[in-house]
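1. Sequence and predicted structure are below.
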Amino acid sequence: QSVLTQPPSVSAAPGQKVTISCSGSSSNIGNHYVSWYQQLPGAAPKLLIYDNNQRPSGIPDRFSGSKSDTSATLGITGLQTGDEAEYYCGTWDRSLSTVVFGGGTKLTVL
Amino acid sequence: EVQVWESGGGLVQPGGSLRLSCTASGFTFDDYAMTWVRQSPGRGLEWVSTISGNGADTYYPDSVRGRFTISRDNSKNTLHLQMNSLRAEDTAVYFCAKQMMTATWTADCWGQGTLVTVSS
């Protein structure tokens, strides 16, 4: 049972848009920045979004992040088959004094 | 190019010990905190430990505190994770990651991971 809640899976057609939600509480998302990671099959996680909505250099603007109260959202537009991966949100939890992750969302591009 | 890569994984019996290493290149190693994150087979990510740039501060979740020790040798750009009293539930791929200088924990460069299997 993950501290942050993500949908197990989402799907959309190539070229379409998808959003992935990450729900937490005031002890984590509500008071800390959120980062998002993409993990392609058999690969290491890769940072997509940090500080809720900032993209590292090299990450295309098809990827976006937002946060509202105790929830965060990752958006991906212009879906490509290469976007098929597991996506994780992460942040700090002040009550647990640990880094916490969502359980991951598997994106399928149909 | 910023890179980190892990070594030292393998098969160990329950109750045994193992030491993981992570070598870094492409950045000023002692400027950045470093982290270990693990992923059990078919499962999600779990934070294991973080160490500050100068090594003075270390952080652990309850699941490994007292059994695992993180350390670093800034003269060799190397990070270590000493794992003692290993349990079956410690079986996972262990990733080394460089942290960003941000207000909240963020890992911006990850290694490919090293597999630790705890089994008799």
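-> Noted; the coordinates are in hand.
2. At the geometric centre of chain B, which residue sits there?
-> residue B:36 (2.7 Å; CA atoms, centre = their mean).
3. what bridges to that one?
-> In this entry, residue B:36 is beta-bridged to residue B:49, residue B:96, by DSSP bridges.
4. List the contacts of it.
-> Residue B:36 makes contacts with B:20, B:22, B:47-50, B:70, B:79, B:81, B:94-97, as judged by CB atoms under 8 Å, 6 or more residues apart in numbering or on different chains. All C-beta spots, glycine's among them, are computed from the backbone N, C-alpha and C.
5. CA-only coordinates of stretch B:24-33, as PDB, when you get a sec.
-> Provided in PDB are the C-alpha atoms of stretch B:24-33 (Å, rounded to 0.1, in the frame of the first residue of the first chain):
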ATOM      1  CA  ALA B  24      29.900   8.700 -10.200                       C
ATOM      2  CA  SER B  25      31.300  10.900 -12.900                       C
ATOM      3  CA  GLY B  26      30.500  14.100 -14.800                       C
ATOM      4  CA  PHE B  27      29.700  16.300 -11.800                       C
ATOM      5  CA  THR B  28      31.300  17.600  -8.600                       C
ATOM      6  CA  PHE B  29      30.500  14.600  -6.400                       C
ATOM      7  CA  ASP B  30      30.800  16.200  -3.000                       C
ATOM      8  CA  ASP B  31      28.400  19.000  -3.900                       C
ATOM      9  CA  TYR B  32      25.400  16.700  -4.100                       C
ATOM     10  CA  ALA B  33      23.500  14.400  -1.800                       C
END
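6. Rounded mean pLDDT for stretch B:79-94, please.
-> Average pLDDT, stretch B:79-94: 97.
7. wait, does it contact chain A?
-> No. Residues of stretch B:79-94 are not located near chain A by CB under 8 Å from any CB of the partner chain, the shortest gap being 8.8 Å.
8. Nothing else from me, thank you.
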